[in-house]
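**Student:** All I have is the shape, not the residue letters:
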Ligand SMILES: *Cc1c(COP(=O)(O)O)cnc(C)c1O
């Protein structure tokens, strides 16, 4: 059996190495390494894939979030609603811009924002909400959009983990994750469902004015070189990354399907165990399983289970061990308790999930898990 890895980016590369190697050489020989045709081609291709008017690439998913918030021209002290159970980037950028994060608790079954408790946290300073489409499925955007409309909030969707997943339900059916809010963002960090060989990110929107503003901001606030209309940043996707991403984008739908099949296999072996809750699918979204995260019952010692699996050559990860409201740097923004996020962070465990996992590996992982309790 092949060595089991949490993510296996090298094996995936090997399947497309001929085309990727040629593309890399093309870029190097073109002499155009920053911006240029390859980057524009990729942006167009991704816009087409997502069915969205504008895609603006940038240096990484964190920048994508920061630049999106910058484009909304919020004032210091304005409040932004954000789940406390997310990767740090989502909250970090709010604070860096002098805005105030207002944490929201999550749904215990999907680990996504719970729309029923959002309104309690809205004040007259609340200006935006960042739904995070965690682990590969989208939040209940129908409910979130209604709330946002009622309270006049901007929506910035963090689709770093959900690129290619589709919304479900009534008129939203078939819209791509990240394309319903005012702005959507994603990351091409190597382990993401569409990963490059370094850092990369993108911002998408259907709004022409916002797109124009964002394009300005990513490039030092200039439309014309050395003429600065706005205070911007330097956040660019390399031509090399764009060329590689353009090739891999052809396979994103397949990648996502393979992950889904792997998840179904895991489910079939694990769902009968009474001490494991397999991932629950939201009725509002398809699932592309960026992570396959199980919830262990309270009596299980998660650390011991991880050790047992590691001894058998099976890596696992905890996404995320500490919710943001408990992080040293962010505690000061905690205004209430977030019991669901606290509990989930204590009992969640992510198993290996990537496009190169095979059946034997999944059977071995599941059998080894079963042997933990005799
Ligand atoms: C990966 C990730 C980001 C940040 O992306 P980078 O490219 O690493 O900056 C932001 N939000 C979420 C939910 C992520 O998973």
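**Tutor:** Yep, that arrived. Small disclaimer: the values here were computed from a predicted structure and weren't measured.
**Student:** Is residue 223 part of a helix or strand, or is it coil?
**Tutor:** Taken by DSSP: H, G, I helix; E, B strand; the rest coil, the conformation at residue 223 corresponds to strand.
**Student:** can you pull out the strands in the chain?
**Tutor:** 54-58, 79-83, 100-104, 126-129, 154-158, 183-187, 201-205, 222-224, 227-228, 276-277, 292-296, 348-351 (DSSP state E).
**Student:** Turn those into CSV, columns for distance to the ligand and mean pLDDT.
**Tutor:** To be clear about C-beta, it is placed using only N, CA and C from the backbone, and glycine gets the same treatment. Below are those laid out as CSV (distance: least, Cβ to the nearest ligand atom, whole Å; pLDDT from 0 to 100):
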stretch, distance to the ligand, mean pLDDT
strand 54-58, 9, 98
strand 79-83, 9, 98
strand 100-104, 14, 98
strand 126-129, 15, 98
strand 154-158, 5, 98
strand 183-187, 3, 98
strand 201-205, 5, 98
strand 222-224, 23, 94
strand 227-228, 25, 96
strand 276-277, 22, 98
strand 292-296, 13, 98
strand 348-351, 12, 98
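**Student:** how about these in CSV, adding mean neighbour count?
**Tutor:** Shown next, in CSV, are the strands of the chain (neighbours: other Cβ atoms under 10 Å):
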stretch, mean neighbour count
strand 54-58, 24
strand 79-83, 26
strand 100-104, 22
strand 126-129, 23
strand 154-158, 25
strand 183-187, 30
strand 201-205, 28
strand 222-224, 11
strand 227-228, 12
strand 276-277, 19
strand 292-296, 21
strand 348-351, 22
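**Student:** What pLDDT is listed against whichever residue of the stretch 251-374 of the chain sits closest to the ligand?
**Tutor:** For the stretch 251-374 of the chain and the ligand, the shortest gap (Cβ to the nearest ligand atom) falls at residue 290, measuring 7.4 Å. Looking at residue 290, its pLDDT is 98.
**Student:** cool, the one 10 residues further on as well?
**Tutor:** If you check residue 300, the pLDDT there is 97.
**Student:** Point out where this structure drops to low pLDDT.
**Tutor:** In the predicted model of the chain, no residue satisfies pLDDT under 70.
**Student:** near the ligand, which residues of it?
**Tutor:** Those residues of the chain that sit near the ligand, judged by Cβ under 6 Å from any ligand atom, are 60-62, 86-87, 89-90, 132, 158, 160-161, 187, 189, 199, 201.
**Student:** nearest to residue 279, of those?
**Tutor:** residue 161 (12.8 Å; Cβ to Cβ).
**Student:** before we move on, back to that, tell me which of the strands of the chain sits nearest to residue 370.
**Tutor:** The nearest among these, by Cβ to Cβ, is strand 276-277 at 9.6 Å.
**Student:** Now do that closest one: everything it contacts.
**Tutor:** Strand 276-277 has contacts (Cβ atoms under 8 Å, 6 or more residues apart in numbering) with 270, 294, 295, 296, 297, 369.
**Student:** In the stretch 51-200 of the chain, what residue lies closest to the ligand?
**Tutor:** residue 61 (2.5 Å).
**Student:** show me the contacts for the residue lying closest to that residue once chain neighbours are set aside.
**Tutor:** Computed as Cβ to Cβ, 6 or more residues apart in numbering, the closest residue to residue 61 that is not its neighbour in sequence is residue 187, at 2.5 Å. By Cβ under 8 Å, 6+ apart, residue 187 lies in contact with 60, 61, 62, 64, 160, 200, 201.
**Student:** Which of those residues ranks first by neighbour count?
**Tutor:** residue 64 (32 neighbours; other Cβ atoms under 10 Å).
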